[in-house]
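S.K.: Sequence and predicted structure, then a few things I'm wondering about:
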Amino acid sequence: MSDYLNRGSDIYRESFRIIRDEADLSRFPDDLEPVAVRMIHAAADPAIAADIAFTTGVGEAARTALRAGAPILCDSSMTATGIIRSRLPRDNEVITHIKDPRLAGIAEEKGVTKTSAAVDLWHEEGRLEGSIVAIGNAPTALFRVLELVHETGEKPAAVIGIPVGFVGAAESKQALVDDDAGLDYLTLLGRRGGSAIAVAAINALASSAELTNEHRE
């Protein structure tokens with residue numbers, strides 16, 4: 001059998017070297033370049049660099065909110081589970097309501113998806129304002145966040161909106177980019193996305209340590 005890397009830190013280091021060699025990262029500000037690298041790593045596709053869209057202030061906004069103890073509101077268990085708690089600077093709450101027993105009834109009553117109904121619960125519980133929103137699966141959740149921002153005036157500190165799929169995913173992300181509410185956001189345009197990429201972005205924003213998952217600022 002041929003030699004291969006089997007130490008995690010070595011694998012990460014070589015992966016990030018390859019990404020920086022193959023992807024054009026020149027348009028990313030210094031505080032978002034490592035976030036883009038982590039997203040590309042999660043997708044195993046340097047080509048996605050061209051489709052990452054962001055506001056220039058999203059890195060500072062997200063990190064400031066996290067250091068202040070802001071919760072991270074997730075659309076799915078997959079997204080919530082992937083967030084590395086040891087990276088969070090203030091033991092921030094990671095919240096998802098997708099398994100809440102109330103949710104099916106609320107969604108049926110309103111005629112919406114469960115993920116959309118879960119966003120309404122974030123609002124009703126007073127969690128949306130100043131939060132970090134992490135959406136890695138559900139376009140309807142992202143659409144509902146944008147609706148609530150306009151209906152209520154409540155604004156998350158940052159929206160990491162990277163749903164995946166053939167129905168609504170590209171449209172919801174474009175709606176995030178086009179929205180005029182002044183949200184700070186990070187997204188991946190088009191159909192591609194998913195919880196792994198959203199989680200990679202959150203974990204990179206939460207800590208400046210690139211080669212370890214055991215770091216809290």
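M.R.: It's in.
S.K.: Can you list the residue ranges for helices in the protein?
M.R.: Using DSSP state H, the helices of the chain run over residues 8-22, 33-43, 58-67, 77-82, 103-110, 114-124, 139-152, 169-178, 195-206.
S.K.: So which other helices or strands are in contact with the last one?
M.R.: Read that as helix 195-206. Packed against helix 195-206 by the contact rule (3 or more C-beta pairs under 8 Å, 6 or more residues apart in numbering; DSSP states H and E) you find helix 33-43, helix 58-67, helix 77-82, strand 132-135, strand 158-161. All C-beta atoms are positioned from the backbone trio N, CA, C, and that covers glycine.
S.K.: Can you get me a residue count around residue 188?
M.R.: 28 (other C-beta atoms under 10 Å).
S.K.: swap in the one 10 residues further on?
M.R.: For residue 198, the tally of surrounding residues (other C-beta under 10 Å) stands at 32.
S.K.: For it, give its distance to residue 105.
M.R.: 27 Å (C-beta to C-beta, to the nearest Å).
S.K.: which other helices and strands contact the worst-scoring helix or strand of the chain on mean pLDDT?
M.R.: Counting by mean pLDDT, DSSP states H and E, the chain has its least confident helix or strand at helix 8-22, which shows a mean of 91. Here helix 8-22 touches helix 33-43, going by 3+ C-beta pairs under 8 Å, 6+ apart.
S.K.: Going by neighbour count, list what's buried in the helix it packs on.
M.R.: Of all the residues in helix 33-43, those buried under the rule 16 or more other C-beta atoms under 10 Å are 33, 34, 35, 36, 37, 38, 39, 40, 41, 42, 43.
S.K.: The fifth one is in contact with residue 21, isn't it?
M.R.: By that I understand residue 37. No - with contact defined as C-beta atoms under 8 Å, residue 37 does not count as touching residue 21 (11.2 Å).
S.K.: and residue 3, what does it touch?
M.R.: By C-beta atoms under 8 Å, 6 or more residues apart in numbering, no residues touch residue 3.
S.K.: ok, back up a step: which one, of the helices of the chain, ends up nearest to residue 187?
M.R.: helix 169-178 (4.7 Å; C-beta to C-beta).
S.K.: Does anything pack onto the closest one? Which helices or strands?
M.R.: If contacts are counted by 3+ C-beta pairs under 8 Å, 6+ apart, helix 169-178 sits against helix 139-152, strand 158-161, strand 185-188.
S.K.: quick check: mean pLDDT across the last one?
M.R.: Regarding strand 185-188, the rounded mean pLDDT is 98.
S.K.: ok, it: who's next to it in the sheet?
M.R.: strand 52-54 (antiparallel), strand 158-161 (parallel) (DSSP bridges).
S.K.: which of the ones you listed is buried the deepest?
M.R.: Among the strands paired with strand 185-188, the stretch with the highest mean neighbour count (mean count of other C-beta atoms under 10 Å) is strand 158-161, at a mean of 30.
S.K.: and the nearest residue to residue 23 once chain neighbours are set aside, what is it in contact with?
M.R.: Distance criterion C-beta to C-beta, 6 or more residues apart in numbering; nearest residue to residue 23, sequence neighbours excluded, is residue 46 at 3.8 Å. By C-beta under 8 Å, 6+ apart, the contact list for residue 46 reads 19, 22, 23, 40.
S.K.: Fine, thanks again, bye for now.
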